[in-house]
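Trainee: Need a 3D model of the following:
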Amino acid sequence: MEIEIVNPHGPHRSNNGGGDLEKGCGGGGATLAWEDLTAVLPNYGNGPTKRLINGVTGYALPGRIMAVMGPSGRLSGNVVMSGNVLLNGRKKRLHYGVVAYVTQEDVFLGTLTVRETITYSASLRLPHNTTKDEMNETIENTIMELGLQDCADNLIGNWHLRGISGGEKKRLSIALEIITQPRLLFLDEPTSGLDSASAFSVFQVLKNVACSGRTIISSVHQPSSEVFALLDDLLLLSSGETIYFGEAKMAVQFFADAGFPCPSRRNPSDHFLRCINSDFDDVNNTLMGSQRIRDQKEILGPSMKLTTVVIRLRLLQKYQISETARRVKARIREFSTTEGVVFEENIGSQATWWKQLWTLTKRSSKNMSRDFGYYWLRILVFIAVSICVGSVFHDIGTNYHAILARGACGGFISGFMTFMTIGGFPSFIEEMKIFYKERLNGHYGVGVFILSNFISSFPFLVAMSFSSVSITYFMVKYHAGVSHFMYAVLDLLLSISVVESCMMVVAAVVPNFMMGVVIGAGFIGIMMATAGFFRLLPDLPKAFWRYPVSYINYMAWGLQGAYKNDMIGIDFDSPLPGQPKMKGEEVLTSYLGISLSHSKWWDLVVVAVILISYRLLFFGLLKFKERALPIFNTYYTKRTLHHLKKRPSFRKTPSFPSMRHHVVHSLSSQEGLNSPLH
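Mentor: Next up, the predicted model:
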């Protein structure tokens, strides 16, 4: 299924006696209609193909909140959906700026305040010709509309910073999506994890948003009675089929007419879900013999002694022959023949490339400076370890035994100290979650994200390398001289940057914290083994380890440059008394297996090239995932539909045709994704 839209016109008026279902709080919204939506979980074996959503039909109107309710569930990523969706009677690809989606998981940079988060989002998304006063007005209006005035200057909060409440985070998620004034808003269980008071405040805000003329569709998991009273329309699903579609307040009457009245003191949504959720029939049958269960049955009345399978079937049959279902089909046919007015679409970011770079760099720098675990903790650890290294190798000297000691010290700095850089991986993973969400919205490109991340991190990397080298260089008493000192700083700086870039590549392939750390640590461990310290480069097995691994190993080049920078120009004592001193060049070639065919600066240039290569690889992986996944999904969908159409049970012709199909994820399975429609 590929959902296509045009921009909206005003709400429709009823001409079929539907009354309140057709009325909204404001104009300028979008009318969304869907017919025969079907989601199947393919089974290529002997088992049946499972229909997760089966022929669902309905529509959502401007100025109203439509809730989608049903038993809890989670769809896998290989679900194939088919059906037809129209927005204001037109088929047109859904673009951001017209459609917005609020995920169940709130993804923020916890080091920023509410106002800063909205400000940065506005800077990335609003047109480049927006004046400062206009942008400030938009930001303040959004804060007021979502009721965030009291927490506007509070930090959102993370693992070490106390932040705003869960309800305020959810309202902030909504604020970020409506800042571009979308006409259609999807929400995935916005009350998940909230207490009843917070959930009520969220839906009060949504009610106000809907009254401005927007169309709101939200999945809701068992809302309280106060929240249920705020809902305008209800789509009740069970086993993928429509049990009820219509005004929320009329659902109680529908159940009563079907013979399953809601007890006077029970939450309607609890009653609905108890009637249609057949997942626990086996449990109830097992407990049927207990006195407690019998007492509850008496309280519920004779009708509730039926299994939910029977109750669900009666409700399904009641709806299918109801006047409401007939009116819905008639309304769908009307939508398919009536086209609305086309509005201008704002696709993705409208800010200039330079404004995107400036905004992202400023935001990332602020996040890094406020997050103690991103760089500050690592800088402190580097300083502490440098002091330890300087103490262990203090005033190392130039005697014969100092040769091995200098080699060991250089190997520790180039190996183990750069290895500690993977400590920033958890913080980078959090930043990547923001990137994936904003990238799906088209806020900015991959290149500007990578460049802004490097620019914002560069001062911290300089501080880390400069502080470490300043301590070790003078405590160990390496080769004296400003040029030698600066080379050591650059060598460590580039090596640390390479490790950070390597972890970015790992994050692009394995966006999981634990797996990423393990894979990154293993990869860097291999680099250490082939760097030329534990085993000299000439002694490495020629196949694979010497060629090509040691040549693409940043640590091998960095360590060679560090050895040359320290030992060339220094004379060492001979192992035998009375023998002439050995030159550093001789030590490098004879004892450490270091070639002098090129200078230390060439080694430094190679490390820089490897750094750039990792960044380009990171860029390529992100772009490849963007381009390849849609192609794979299209192929998978066509192959699956071709297979399914051979089954008679799958052949069903909708009233208005569409040959478009698309693999999508369920609302409740969107981890890091920003829209089920993208």
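Trainee: In stretch 421-435, which residues are buried?
Mentor: 421-425, 427-435 (16 or more other C-beta atoms under 10 Å). Every C-beta, even on glycine, is put in place using the N, C-alpha and C of the backbone.
Trainee: What mean pLDDT does it get?
Mentor: What stretch 421-435 shows for mean pLDDT is 89.
Trainee: cool, stretch 359-377 as well?
Mentor: Stretch 359-377 carries an average pLDDT of 93.
Trainee: before we move on, what about stretch 251-259?
Mentor: For stretch 251-259, mean pLDDT is 92.
Trainee: Mind checking which of the buried residues of stretch 421-435 land in helices?
Mentor: Within those, residues falling in helices by DSSP state H are 425, 427-435.
Trainee: helices and strands of this structure: which one bottoms out on pLDDT?
Mentor: The least trusted helix or strand in the chain, going by mean pLDDT, DSSP states H and E, turns out to be strand 662-663, with a mean of 40.
Trainee: contact partners of stretch 519-526?
Mentor: 418-419, 422, 425, 499, 502-503, 506, 510, 549 (C-beta atoms under 8 Å, 6 or more residues apart in numbering).
Trainee: Flag every buried residue along that stretch.
Mentor: 519-520, 524.
Trainee: for these, which one is nearest Leu237?
Mentor: For these, the closest approach to Leu237 (C-beta to C-beta) belongs to Ile519, at 40.1 Å.
Trainee: per-residue confidence for the closest one?
Mentor: Per-residue pLDDT puts Ile519 at 92.
Trainee: do the same with His394
Mentor: Reported pLDDT for His394: 93.
Trainee: and it, what element?
Mentor: For His394, there is no host helix or strand (DSSP states H and E).
Trainee: who are the neighbours in contact with Asp257?
Mentor: Applying C-beta under 8 Å, 6+ apart, the residues near Asp257 are Lys318.
Trainee: and the gap between it and Phe245?
Mentor: Shown here: Asp257 relative to Phe245, a distance of 15 Å by C-beta to C-beta, to the nearest Å.
Trainee: now Val102
Mentor: Going from Val102 to Phe245 by C-beta to C-beta gives 23 Å.
Trainee: would you turn the buried residues of stretch 421-435 into CSV with distance to Asn88?
Mentor: CSV is the format used below for the buried residues of stretch 421-435 (distance: C-beta to C-beta, whole Å):
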residue, distance to Asn88
Thr421, 53
Ile422, 51
Gly423, 52
Gly424, 48
Phe425, 46
Ser427, 44
Phe428, 42
Ile429, 40
Glu430, 39
Glu431, 38
Met432, 36
Lys433, 34
Ile434, 32
Phe435, 33
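Trainee: Tell me the one of these nearest Lys583?
Mentor: For those, the minimum distance to Lys583 (C-beta to C-beta) is 34.3 Å, reached by Thr421.
Trainee: which non-adjacent residue is nearest that closest one?
Mentor: Spatially, and ignoring its direct neighbours in sequence, Thr421 is nearest to Val499 (4.0 Å; C-beta to C-beta, 6 or more residues apart in numbering).
Trainee: ok, back up a step: can you tell me which of the buried residues of stretch 519-526 is closest to Glu334?
Mentor: Nearest to Glu334 among the buried residues of stretch 519-526 is Ile519, at 55.5 Å by C-beta to C-beta.
Trainee: elements contacting the longest helix seen in the chain?
Mentor: In terms of residue count, the longest helix belonging to the chain (DSSP H) is helix 600-644. Helix 600-644 is packed against strand 80-87, helix 446-476, helix 482-509, helix 554-567, strand 662-663, with contacts defined by 3 or more C-beta pairs under 8 Å, 6 or more residues apart in numbering; DSSP states H and E.
Trainee: Please identify the most buried of the ones you listed.
Mentor: Most buried of these by mean neighbour count (mean count of other C-beta atoms under 10 Å) is helix 554-567; its value is a mean of 27.
Trainee: For that one, the averaged confidence score.
Mentor: The average pLDDT for helix 554-567 rounds to 94.
Trainee: Same check on stretch 79-87?
Mentor: Mean predicted lDDT for stretch 79-87 stands at 79.
Trainee: just how off-centre is that stretch within its chain?
Mentor: With C-alpha atoms, centre = their mean, to the nearest Å as the basis, stretch 79-87 stands 24 Å off its chain's centre.
Trainee: where exactly do the strands run in the stretch 51-200 of the chain?
Mentor: Here the stretch 51-200 of the chain has its strands, by DSSP state E, counting those that start in this stretch, at 65-69, 80-87, 99-102, 184-188.
Trainee: could those strands go into a markdown table alongside distance to Ser457?
Mentor: Formatted as a markdown table, the strands of the stretch 51-200 of the chain follow (distance: least, C-beta to C-beta, whole Å):
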| stretch | distance to Ser457 |
| --- | --- |
| strand 65-69 | 42 |
| strand 80-87 | 41 |
| strand 99-102 | 30 |
| strand 184-188 | 33 |
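Trainee: To Phe485, which of those strands lies closest?
Mentor: Among the strands of the stretch 51-200 of the chain, strand 99-102 sits nearest to Phe485 (C-beta to C-beta), with 52.7 Å.
Trainee: mind checking how far that closest one is from the chain centre?
Mentor: Chain-centre distance of strand 99-102: 14 Å, with C-alpha atoms, centre = their mean.
Trainee: for that strand, packing partners?
Mentor: Checking 3+ C-beta pairs under 8 Å, 6+ apart, strand 99-102 ends up next to helix 166-178, strand 184-188.
Trainee: Can you convert the ones you listed into TSV and add a column each for mean pLDDT?
Mentor: Formatted as TSV, those follow (pLDDT from 0 to 100):
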stretch	mean pLDDT
helix 166-178	91
strand 184-188	90
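Trainee: now those in JSON lines, with mean neighbour count?
Mentor: Conversion of the helices and strands packed on strand 99-102 to JSON lines gives the following (neighbours: other C-beta atoms under 10 Å):
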{"stretch": "helix 166-178", "mean neighbour count": "23"}
{"stretch": "strand 184-188", "mean neighbour count": "24"}
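Trainee: which one of these lies closest to Ser225?
Mentor: helix 166-178 (18.0 Å).
Trainee: Pull the residues that contact that closest one.
Mentor: By C-beta under 8 Å, 6+ apart, helix 166-178 touches 100-103, 106, 108, 114, 117-118, 121, 142-143, 145-148, 151, 156, 163-164, 185, 187, 190-191, 193-195, 197-199, 201-202, 205-206, 209, 214.
Trainee: what's the angle from that helix to strand 184-188?
Mentor: 150 degrees (axes from the mean of the first three to the mean of the last three C-alpha atoms, to 10 degrees).
Trainee: Nearest to Ile65 among the contacts of stretch 519-526?
Mentor: Using C-beta to C-beta, Val510 is the member of these that lies nearest Ile65, at 38.9 Å.
Trainee: how near is that closest one to Pro630?
Mentor: Distance, Val510 to Pro630, using C-beta to C-beta: 21 Å.
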